[in-house]
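In: Got a sequence here, can you build the structure:
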Amino acid sequence: MAPSLRAGTAQHDHGFSTLPPLVDPGPELTRAEIERYSRHLIIPEIGTEGQRRLKNARVLVIGAGGLGSPALLYLAAAGVGTIGIVDDDDVDLSNLQRQVIHSVTDVGRSKLDSARDSIAALNPLVSVVLHSVRLDSSNALDVFADYDLILDGADNFATRYLVNDAAALQGKPYVWGSILRFDGQVSVFWEKFGPSYRDLYPEPPAAGTVPSCAEGGVFGMLCAAVGSMMVIEAVKLITGTGRTLLGRLLIFDALGSSWREIGISKDPEGSPVTQLLDYADFCGVPAPDAEATAVDSAADTISATVLAARLAARERGADSFELIDVREPGEFGIVRIPGSVLVPLGGIQTGTALSGIPRDVPLVLHCKSGARSAQALASLRAAGYADVVHLDGGILTWVREVEPDKPIY
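Out: The predicted model follows:
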């Protein structure tokens, strides 16, 4: 789920528990707002003044996906006056297992439009600002400029480091959450008062070593636990209530139903952020023109239609090769290419699976979309395998072009 972290096991708050309210109180509440938010108003720690701060707050949410879905709904329910959303994706059927802000009728629509409509149905008193962009170094500072607080629900390391650095440059706090399979993490970062994401994770993991949720899966209900905790932290920051997670990392194990906490300290040798970087390069993400690279050149790939023809020829005894599926067993159980053999990527990268991979026949590798099979190809080449190609576009392309009746995930 994450690269190696630089943190201790301290259970104290590192002196970061007392923070001033992030937002000034807004206008007096209307009668409709008093009735809507009455359960907040009667809590002494929130009260009318705290609710007016929420009304005056401007919060930006990165992503309307697994974490963004519950976070957006609870921010709206809490009465945060202006909610910005950054996303450039459309709703897919596989999203509905966990992205509760969307519904079946939203499949194919932009996540921004779907989220906006769900928020309006829940609380029409909230203003929603849509940012239909892929956040990067060229636009992050402009997007962040109009907001008091950022909630980062991004699913990749490049965006996480970008959010951290852009927030640091603007002196703004942000709440960070991360999920994978049964594990979740939540913290608050604010370089002005305490540690940042770079203090927790100074270096990103090697590209391809940490699976995405699309590759590794995610326990749907985990999103609600982590996403709602992110909003709890946001409301505390806005109103100046309680002890925030600044200086602490909260880790949730949904499989064991347990929370644990570790302390985070500022790295005394850390350098302040002075500019934004090329975060894809920083995190080792392959360049978009992958066909120009050594591993993903045209000579290293095979199309789905050509593979289908070769499989048919192999059935007739007119071709000989090994088709290796480098995905995980759960993925293999959902959908597979006939005649494939499962050898997960991890075993290829560590070398433990090489004894079972023949060297005397050509190899064709495939995964879900082509990224992991490209990594497997590079590892096999480094281990001395010469005749290796991988399926362009993975099993997603195979299903689309060869076996459209099979499911995708």
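In: Phi first, then psi, for the closest residue in space to Leu255 that isn't next to it in sequence.
Out: Residue nearest to Leu255 in three dimensions, not counting chain neighbours: Phe182, with 4.1 Å by C-beta to C-beta, 6 or more residues apart in numbering. Quick note: C-beta positions are derived from backbone N, CA and C, even for glycine. Phe182 adopts backbone torsions of phi -100, psi 10, taken as degrees, to the nearest 10.
In: So which residues make contact with stretch 122-142?
Out: The contact list for stretch 122-142 (C-beta atoms under 8 Å, 6 or more residues apart in numbering) reads 32-33, 36, 60, 62, 73, 75-77, 79-88, 110, 112-113, 115-116, 119-120, 143, 146, 154, 159, 162-163, 166, 169-170, 276-279.
In: thinking again about what came up before, so what pLDDT did the residue nearest to Leu255 get?
Out: pLDDT, Phe182: 97.
In: Verify the stated contact: it with Gly220.
Out: No. Phe182 lies out of contact with Gly220 (C-beta atoms under 8 Å); the separation is 10.9 Å.
In: More neighbours: these two, which one.
Out: Comparing Phe182 with Gly220 by other C-beta atoms under 10 Å, the one with more neighbours is Phe182, at 17 against 14.
In: ok, now which ones touch the more buried one?
Out: Neighbour list for Phe182: Phe219, Leu222, Asp253, Ala254, Leu255 [criterion: C-beta under 8 Å, 6+ apart].
In: again with Ser196
Out: Per C-beta under 8 Å, 6+ apart, neighbours of Ser196: Asn164, Ala168, Phe189, Trp190, Lys266, Val273.
In: again, only using 6 Å
Out: Asn164, Ala168, Phe189 (C-beta atoms under 6 Å, 6 or more residues apart in numbering).
In: Could you point out which residue ranges in the stretch 251-400 of the chain have low pLDDT?
Out: For the stretch 251-400 of the chain, applying pLDDT under 70 flags the ranges 286-297.
In: What are the boundaries of the strands in it?
Out: Using DSSP state E, counting those that start in this stretch, the strands of the stretch 251-400 of the chain run over residues 258-263, 301-302, 322-325, 341-342, 363-366, 388-391.
In: Out of those strands, which is the most enclosed?
Out: Highest mean neighbour count among the strands of the stretch 251-400 of the chain (mean count of other C-beta atoms under 10 Å): strand 363-366, with a mean of 26.
In: so what strands line up beside it?
Out: strand 322-325 (parallel), strand 388-391 (parallel) (DSSP bridges).
In: Take those strands and write them to a markdown table, including distance to Val364.
Out: Conversion of the strands paired with strand 363-366 to a markdown table gives the following (distance: least, C-beta to C-beta, whole Å):
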| stretch | distance to Val364 |
| --- | --- |
| strand 322-325 | 5 |
| strand 388-391 | 6 |
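In: Out of the contacts of stretch 122-142, list just those in strands.
Out: Mapping those onto strands (DSSP state E) picks out Leu60, Ile62, Thr82, Ile83, Gly84, Ile85, Val86.
In: can you list contacts of the longest helix along the chain?
Out: Counting residues, the longest helix found in the chain (DSSP state H) is helix 220-239. Helix 220-239 is contacted from outside by 21-23, 50, 53-54, 57, 66-67, 70-71, 74-75, 78, 97-98, 149, 151, 173, 175, 177, 179, 184, 186, 188, 242, 244-245, 252, 254, using C-beta under 6 Å, 6+ apart.
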